[in-house]
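Enquirer: Got a sequence here, can you build the structure:
(2 chains)
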Amino acid sequence: MKTIYVACGAGFGGDRFDASGPLIDHLSGCDGPRYLIFETLAERTLAIAQNQMLRGEGPGYSEFLERYLKPVLKPCHEAGIRVISNLGAANVAGAGARTRELADELGLSGLKIAVVEGDDLLSVTSEEAIANMQPVEGTKIERPLVGANVYLGARPIAAALDLGAQVVLTGRCTDAALTLGPVVHEFGLAEDDLHMLAAGTTAGHLLECGPQVTGAYFADPPFKSVPDLANVGYPVGEIGADGSVVITKPEGTGGLVSEATVKEQILYEMHDPANYLTPDVTLDVTGVRVAQAGPDRVRVSGAQGKPPPPTLKATVSMDAGFLGEAEMSYAGPNARARAELAIEVLRQRFQRLAISCPVRFDIMGVMSVFDDDDGTLRANSEREPDGDLRVRVAARSDDKQELERIALEVYSLWVTGPAGGAGFRKSLSSKVKTASVLVDRSLPNVTVRLV
Amino acid sequence: MTEVPDKKPLHLFAHARAGDKGNSVNISIIPYHADAYSHLLSEVTEDRVRALLAHRPIGAVHRYEVPGLPALNFVIDDALEGGVNLSLGLDGHGKSLSFLVLTMTVQIPMKFACRTAP
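Expert: Sure thing, here's the model as predicted:
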């Protein structure tokens, strides 16, 4: 039976750069078509890349393109491994041109590189038309837009592979499409082959976050122990012509592929498990079974496919100003009272300084990540007097100066606040907000070309 | 007479993973022993999950059943106070909220506890 092998070398845009070596070694020993994918484009990563390009601060494609691709192009070429990634972000053509340069520098002038374009809705319609599209989730759409990109499916990637491409670069597409594209290409899947489309999408969904299926984002010792997590191996999916799916990882790497790691990742970022919508198929995982088939090998079966939704989904991004954060520590005897007093001093000072933007206070070590913006859980928490505590102040504003005034007030707690304030730090970051809308399938002008 | 077990943290009987989508979060609850699934169905309800997040201005809480694995999948709308893009909190993704749900106390026989629990 023909089986194809898909390895995932990155599960998000800041993932490790050195995960691919063991994957390439593993794929080299596999008997069948082999692929290496890099998934680097979270919902807002694209908007950030777009923003940077508009300001002349970045290339629009992933700033890490070279770090991911340069070490793998030659060994992948030699081992017959094709590379697929959404590293193109907001500038797929630029990513293609840069990859062409890298290939030429490596003596791979014959390497076939394809780009998939057409996810950018602003190139085919107006901001006004996008603002009037049917919303599905997220904030209200306010113009101007930073970007609007539709999730493409597996078909354009398969078309690039049909052209003989050895490297395929995309912008926004579903994460699972990076895996389903090869499945469609290798098995020549028709659009109504729902069984195989469901199998390929299940494999793609399990692979798309890299080591999250091989023991990372999982360990909770001793309840859930993971061997050698620091050396976690990234995943390989095996997809058979009959729709069978196996998840495994390279020998000699750390981590774990178990029924439990696979179960957690099947439901990751999933809403209705009977209706996981993608452009290629609607996936139903309610009957999925997982079974350990060997050490670090888990078989996944029982995914059902239904026809895909009539519309596509797009992410619309808008400028959301800045987030300012500042922190100060209080430790030792009676630290809690001093930390609470610091917050009270800041509240009064912000009032006097006419700070009008939303501000949140946390005391790390008492209650922070679980709390709400009003500090409800902290107010109701037991008052253990001593500790090693950290006051955190966070504020959001369109006005950088206002956030700077807030940070300076926290800074001045060194001399104006309670006893023993220590370890001041501050940061400022720009933010984008996103919303999702439904898009007519005929709107995007998708093109696939070799560069 | 059936013995009623003491209340224990859900963390002893199940593991969980959280993921975000916009301003909503999904949290899977997966029993260490598949046979404990029926206990999860009766103990880990939408109302009890809502109560753990009552301090936040959350929207609908929906529980999906996934009998094949088996597992429960909770989707909590507006749980992230703006989500990763707008939240003032440290955890705009809600990645830690799986462990908030695991603080729930449940009455499940100890034979279904995680075998490697300390």
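
Enquirer: show me where the chain has helices.
Expert: I'll assume chain A. Along chain A, the stretches classed as helices by DSSP state H are A:20-28, A:45-54, A:65-79, A:92-105, A:127-131, A:155-162, A:177-187, A:194-207, A:259-266, A:335-352, A:376-379, A:400-411, A:413-416.

Enquirer: was after chain B, sorry
Expert: Counting by DSSP H, the helices of chain B are B:37-43, B:46-52, B:83-86, B:97-101.

Enquirer: Which residues belonging to the first one are considered buried?
Expert: Spelled out, that is helix B:37-43. Under the neighbour-count criterion of 16 or more other Cβ atoms under 10 Å in any protein chain shown, helix B:37-43 has B:37, B:39-40, B:43 buried. C-beta here means a position set from N, CA and C on the backbone, and glycine is covered the same way.

Enquirer: Now do that helix: which elements does it pack against?
Expert: Counting contacts by 3 or more Cβ pairs under 8 Å, 6 or more residues apart in numbering or on different chains; DSSP states H and E, helix B:37-43 packs against strand B:24-31, strand B:71-76.

Enquirer: Need those strands in TSV (columns: distance to chain A).
Expert: Shown next, in TSV, are the helices and strands packed on helix B:37-43 (distance: least, Cβ to the nearest Cβ, whole Å):
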stretch	distance to chain A
strand B:24-31	4
strand B:71-76	5
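
Enquirer: Of these, which is nearest A:Leu194?
Expert: Among the helices and strands packed on helix B:37-43, strand B:71-76 comes nearest to A:Leu194, with 22.0 Å by Cβ to Cβ.

Enquirer: how far off helix A:259-266 does that closest one point, in degrees?
Expert: 30 degrees (axes from the mean of the first three to the mean of the last three Cα atoms, to 10 degrees).

Enquirer: mind checking how far strand B:71-76 is from the chain centre?
Expert: How far strand B:71-76 lies from its chain's middle: 7 Å, per Cα atoms, centre = their mean, to the nearest Å.

Enquirer: can you check stretch A:41-53 too?
Expert: The answer for stretch A:41-53 is 11 Å, by Cα atoms, centre = their mean.

Enquirer: Quick check: chain neighbours aside, which residue is closest to the spatially most central residue of chain B?
Expert: Nearest to the centroid of the C-alpha atoms of chain B, with distances taken as Cα atoms, centre = their mean, sits B:Val101, at 4.0 Å. Nearest residue to B:Val101 in three dimensions, chain neighbours excluded: B:Ile27, at 5.4 Å (Cβ to Cβ, 6 or more residues apart in numbering or on different chains).

Enquirer: Return the residues in contact with that neighbour.
Expert: B:16-18, B:49, B:73-74, B:76, B:97-98, B:101 (Cβ atoms under 8 Å, 6 or more residues apart in numbering or on different chains).

Enquirer: Kindly indicate which of the residues you listed lies nearest chain A.
Expert: Closest approach between the contacts of B:Ile27 and chain A, by Cβ to the nearest Cβ: B:Arg17, at 4.2 Å.

Enquirer: can you put the helices and strands packed on helix B:37-43 in JSON lines and add mean pLDDT?
Expert: Output for the helices and strands packed on helix B:37-43, formatted as JSON lines (pLDDT from 0 to 100):
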{"stretch": "strand B:24-31", "mean pLDDT": "96"}
{"stretch": "strand B:71-76", "mean pLDDT": "98"}
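
Enquirer: need those strands in TSV with distance to A:Arg390, can you?
Expert: Output for the helices and strands packed on helix B:37-43, formatted as TSV (distance: least, Cβ to Cβ, whole Å):
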stretch	distance to A:Arg390
strand B:24-31	25
strand B:71-76	27
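
Enquirer: May I see the buried residues of stretch B:99-115?
Expert: Buried, per 16+ other Cβ under 10 Å, within stretch B:99-115: B:99-102, B:104, B:106, B:108, B:112-114.

Enquirer: Rounded mean pLDDT for stretch A:16-25, please.
Expert: Stretch A:16-25 shows a mean pLDDT of 97.

Enquirer: oh, I was asking about stretch A:143-155
Expert: 94.

Enquirer: just for chain B, where's the confidence low?
Expert: B:1-3 (pLDDT under 70).

Enquirer: How many residues are close by A:Ser123?
Expert: Burial of A:Ser123 is recorded as 11 neighbouring residues (other Cβ atoms under 10 Å in any protein chain shown).

Enquirer: wait, what's in contact with it?
Expert: A:Asn445.

Enquirer: give me the low-pLDDT residue ranges for chain A?
Expert: Using pLDDT under 70, chain A drops low at A:137-139.

Enquirer: Contact partners for the residue nearest to the centre of chain B?
Expert: Listed by Cβ under 8 Å, 6+ apart, the contact set of B:Val101 reads B:10, B:16, B:27, B:29, B:44, B:49, B:52, B:74.

Enquirer: Just the CA atoms of stretch B:53-64, as PDB, please.
Expert: The C-alpha coordinates for stretch B:53-64 follow below in PDB (Å, rounded to 0.1, in the frame of the first residue of the first chain):
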ATOM      1  CA  LEU B  53     -15.000  31.300  35.300                       C
ATOM      2  CA  ALA B  54     -17.800  33.300  37.000                       C
ATOM      3  CA  HIS B  55     -15.400  36.100  37.800                       C
ATOM      4  CA  ARG B  56     -15.000  36.900  34.100                       C
ATOM      5  CA  PRO B  57     -17.700  38.300  31.800                       C
ATOM      6  CA  ILE B  58     -18.000  35.100  29.800                       C
ATOM      7  CA  GLY B  59     -20.600  34.200  27.300                       C
ATOM      8  CA  ALA B  60     -22.100  30.800  26.400                       C
ATOM      9  CA  VAL B  61     -20.500  27.600  27.800                       C
ATOM     10  CA  HIS B  62     -21.000  24.600  25.600                       C
ATOM     11  CA  ARG B  63     -20.000  21.000  26.300                       C
ATOM     12  CA  TYR B  64     -19.400  18.700  23.400                       C
END
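
Enquirer: Other residues contacting it?
Expert: A:271-274, A:286, A:371-372, A:374, A:376-377, B:24, B:44-46, B:49-50, B:72-79, B:81, B:97, B:100.

Enquirer: try 6 Å
Expert: A:272-273, A:372, A:376-377, B:46, B:49-50, B:72-79 (Cβ atoms under 6 Å, 6 or more residues apart in numbering or on different chains).

Enquirer: Wait, A:Tyr68 touches A:Phe38, no?
Expert: Yes: the pair A:Tyr68 and A:Phe38 qualifies as a contact (Cβ atoms under 6 Å) at a distance of 5.2 Å.

Enquirer: which neighbours do those two share?
Expert: With Cβ under 6 Å, 6+ apart, A:Tyr68 and A:Phe38 have no common neighbours.

Enquirer: between these two, which one's more packed in?
Expert: More crowded of A:Tyr68 and A:Phe38, by other Cβ under 10 Å: A:Phe38, with 28 against 24.

Enquirer: For the more buried one, list each beta-bridge partner.
Expert: Under the criterion DSSP bridges, A:Phe38 forms beta bridges with A:Ala10, A:Ser85.

Enquirer: wouldn't it be in contact with A:Gly9 here?
Expert: Yes: applying Cβ under 6 Å, one finds A:Phe38 in contact with A:Gly9, separated by 5.2 Å.

Enquirer: Closest one of the contacts of stretch B:53-64 to A:Pro222?
Expert: Among the contacts of stretch B:53-64, and counting by Cβ to Cβ, the member closest to A:Pro222 is B:Leu72, at 23.9 Å.

Enquirer: got a list of what the closest residue to the closest one other than its chain neighbours touches?
Expert: Of all residues not flanking B:Leu72 in the chain, B:Ile29 sits nearest, at 4.4 Å (Cβ to Cβ, 6+ apart). Residues near B:Ile29 by Cβ under 6 Å, 6+ apart: B:14, B:16, B:44, B:72.
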